[in-house]
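K.L.:
Quick one: sequence and predicted model below, then my questions.
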Amino acid sequence: MNVRRFRALHAAGATYAEIARECGCDWRTVRKYLSEDSGSVPPTAPPRAGTQPKVITPFIGVIDVWLRADIALKGAVIHERLVDQHGFTGNYQRTKMHLAEVRPLIAAELAAKACANSSTMATSSLASARVSGRCSA
């Protein structure tokens, strides 16, 4: 619904009924938005993001353990394991979305641990790891 169009048509001399026919709404709606005390924009619904609990939340710890053991574990395999072993009722898409958020974080954490563990390596080995880009200085 374009309230600015209502105002332009009304300023051009169109009646409420003509504006309503042109815009595809009821004439009462046109009158409501053209009245002096109304706002210039139609009301919007409140955002729904974050209002519903995520079904995957109780399983986040399990998924994290699996990813730390094998970061390359496929989303379909994780979803199947959750359903078979833990009674997960969510769909695959939600599992995939969660993995897209968590996998880079866990990969970075594992890379940082690998670099910290490599500090005990010989100096030449550490230098070659830094040159190859696996660890930052």
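P.N.:
Received the coordinates, thanks.

K.L.:
pLDDT below threshold where in the chain?
P.N.:
Judged by pLDDT under 70, the chain has its weakly predicted residues at 36-42, 119-137.

K.L.:
List the contacts of residue 96.
P.N.:
Counting by C-beta atoms under 8 Å, 6 or more residues apart in numbering, residue 96 touches 75, 79. Using the backbone N, CA and C atoms, a C-beta is placed for each residue, glycine as well.

K.L.:
Do a quick rundown of the strands in the protein.
P.N.:
In the chain, no strands are defined using DSSP state E.

K.L.:
Just give me the longest helix of it.
P.N.:
Of all segments of type helix in the chain, defined using DSSP state H, the longest is helix 92-117.

K.L.:
In the protein, what residue spans correspond to helices?
P.N.:
Counting by DSSP H, the helices of the chain are 3-11, 16-23, 27-34, 60-69, 75-86, 92-117, 123-132.

K.L.:
Buried residues of the first one, list them for me.
P.N.:
In terms of neighbour count (16 or more other C-beta atoms under 10 Å), helix 3-11 has its buried residues at 3, 6, 9-10.
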